[in-house]
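>>> generate a structure from the sequence data that follows.
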Amino acid sequence: MRWDVVGFILGWTIRLVALPLALVAAYSCYLEAEGYEFAIRAYLIPLILAAVVGQSLVSLARGADIASRLRDREAFASVALGWIPVVLLGALPYWLGGVFYGPAELSMDSVAVTDVMSGAIHSWFESMSGFTTTGSTVIDHATSPRCTEGSDCISSQPQSLILWRSLTQWLGGMGVIMLGLLILSQALGGGMSLARAELTGPSLSRLGPSLQWTARRLWTIYIVLTLIEMILLRFVGEMGLFDSVNYALTTLSSGGFGTSDSGIMAFDSARIEVILMVFMVLTCINFSLLHLILAGRSKEAFKDGEVRSYLFILTIAWLAMAFNIFQSGSEDLGFLETVRHSMFQAISISSTGYSSADFATWPLFSQFVLLLLMIIGATAGSTGGGLKVLRIRIAFELSKREILKIIQPKKVVAIRFNDEVIDEKRIWTVLGMLSSWTVLVTASILAFSLLEPSLNMTDVLSVSLSLLGNTGPALGAFGPTATWASLGEPSLIIASLLMWLGRLELLTVLVLLHPKTWRSDV
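Reported below is the predicted structural model:
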């Protein structure tokens, strides 16, 4: 392992966090309700740490030949390890700003050191949930000193911290795409040509000749879509300016954080939900295909097999849930409301995690459909989570091939996708990912059932799937109207680890466990 290379990349990553921190600190100074004193208390320490630590790491590696020395192990290590200091810096404003019990609350008579330590873990969880775009929250009357009885807990927090919370998701959403491109261009052989060969569909080959060019184009799409949604929510959905900014940031990232405890349910607006549905679908589509759509080549984009499969699954799930809810009569909803809420939830559960209704009260069949959608997730190359439709399709085609080989042992059957043959190496990579995912889901179910004996099977299963899929809400005790504050500190640490693993597609992190990754002689 070449630590100078890893240190250089980590330094740049940490240093970049200082910019959004400075913007939020400036906004805090502008707000009359917060001012300079609060801004210094909440943001000064993380700002100084980001600048000093980041610059120090970059300076130490300045003599290294970075461009020619970045190999697969350095790329994986930099990507996986880079999230740790970023999440830590992101947690400090919550802890220092009083969202959770921190050093400033020690002066309160009823607050002990153990409460402050718990506050640090809650802050870490909230930050990890933000940067990984999971959207689960532990801001609750039991965890936040700012929440008074009967008040809306999230909207009781300082506005700058609510904005920081949304910004962490927006940064994390695009970070996933860009870090994924970094891995593809470096870990698969060191060039864009191999990255193009590895990806299906238009992908990188339809974007540009270099990683730098591609990064600029993706960032442009991301920012433009965010601004368009912001404007639509403000003027068509008649949302307040602060709300429209925050919900645009958390939609494009497939994040799901809201500005109040009720989230989207607080608005109860069909217009707002339609706008959100359009943009949630866009964020679940490969960003390189979005580039084609915005360039007026939508027919070409929708020829992609993964997109067609995703839209087909979404449509079937929506119609099945709408029929089940309306036929059961368990919800006091008219036909149009049933259609509206079932469509919104089918799209949202793919990863964003907004809730227009309390689906924890829906019939069992509909809840099971949501669970399946949570597992499948979005398409590869999007900001969405889950296993990804592409992997499900490859696994399905592999099953078909193996069944056919039993019937016709001598027949050679190639697995095709988008009219291209999928090579065996890639098939084994998909199988490795699926088997790792199965093991981790099983292990997390066992861990949560041991640490949280009050939970039932639905709770631990849906929590495990939600965390690894970076979905946000789960079923049972962790439904759309509940927080995750009831989990103990050990469970929250495990939950943070699962969010990290899920956001980095498991193998990126698991490769660090191999001893050869850390050898310095290769």
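>>> buried residues of stretch 49-67, list them for me.
With burial defined by 16 or more other CB atoms under 10 Å, the residues of stretch 49-67 counted as buried are L49, A50, A51, V53, G54, L57, V58, A61, A64, I66. Using the backbone N, CA and C atoms, a C-beta is placed for each residue, glycine as well.
>>> columns pLDDT on top of the residues you listed, output as TSV?
Listed next are those as TSV, based on pLDDT from 0 to 100:
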residue	pLDDT
L49	94
A50	94
A51	93
V53	92
G54	90
L57	87
V58	83
A61	73
A64	60
I66	57
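>>> so which residue is dead centre in the protein?
By CA atoms, centre = their mean, the chain has its centre lying nearest to T133, at 2.7 Å.
>>> okay, now the residue nearest to that residue when sequence neighbours are not counted: neighbour count?
In space, and not counting its chain neighbours, T133 is closest to G255: 4.3 Å by CB to CB, 6 or more residues apart in numbering. G255 has 33 neighbouring residues, counting by other CB atoms under 10 Å.
>>> so what pLDDT did the residue lying farthest from the centre of the chain get?
In the chain, the greatest distance from the average C-alpha position (CA atoms, centre = their mean) is reached by K410, at 44.1 Å. Listed pLDDT for K410 reads 80.
>>> and it, how far from S399?
With distances taken as CB to CB, to the nearest Å, K410 is found 20 Å from S399.
>>> which residue ranges of the stretch 251-400 of the chain form strands?
Ranges of strands in the stretch 251-400 of the chain, per DSSP state E, counting those that start in this stretch: none exist.
>>> and for the nearest residue to G35 once chain neighbours are set aside, the neighbour number?
Spatially, and ignoring its direct neighbours in sequence, G35 is nearest to C29 (6.6 Å; CB to CB, 6+ apart). Neighbour count for C29, taken as other CB under 10 Å: 16.
>>> name the element C29 belongs to?
In the assignment (DSSP states H and E), C29 maps to helix 3-30.
>>> what are the buried residues along that helix?
Residues 4-15, 17-18, 20-21, 24-25, 27-29 are the ones in helix 3-30 that count as buried (16+ other CB under 10 Å).
>>> picking that back up, check contacts around the residue farthest from the centre of the chain.
Residues near K410 by CB atoms under 8 Å, 6 or more residues apart in numbering: none.
>>> any idea how far it lies from L404?
Separation of K410 from L404 (CB to CB) stands at 11 Å.
>>> what does L390 give?
According to CB to CB, L390 stands 21 Å off from L404.
>>> more neighbours: which of the two?
Taking neighbours as other CB under 10 Å, L390 and L404 compare with L390 leading, 25 against 12.
>>> right, and that one touches T379 too?
Yes - under the criterion of CB atoms under 8 Å, L390 makes contact with T379 at 6.6 Å.
>>> which neighbours do the two share?
Listed as contacting both L390 and T379 by CB under 8 Å, 6+ apart are E306.
>>> returning to what we had before: list the contacts for the residue nearest to T133?
If you count contacts by CB under 8 Å, 6+ apart, G255 has them with 130, 133-135, 166, 169-170, 172-173, 249, 352-353, 472.
>>> quick one on the thing from earlier: can I get the buried residues of stretch 49-67 in JSON lines with secondary structure?
Putting the buried residues of stretch 49-67 into JSON lines (DSSP: H, G, I helix; E, B strand; the rest coil) gives the following:
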{"residue": "L49", "secondary structure": "helix"}
{"residue": "A50", "secondary structure": "helix"}
{"residue": "A51", "secondary structure": "helix"}
{"residue": "V53", "secondary structure": "helix"}
{"residue": "G54", "secondary structure": "helix"}
{"residue": "L57", "secondary structure": "helix"}
{"residue": "V58", "secondary structure": "helix"}
{"residue": "A61", "secondary structure": "coil"}
{"residue": "A64", "secondary structure": "coil"}
{"residue": "I66", "secondary structure": "helix"}
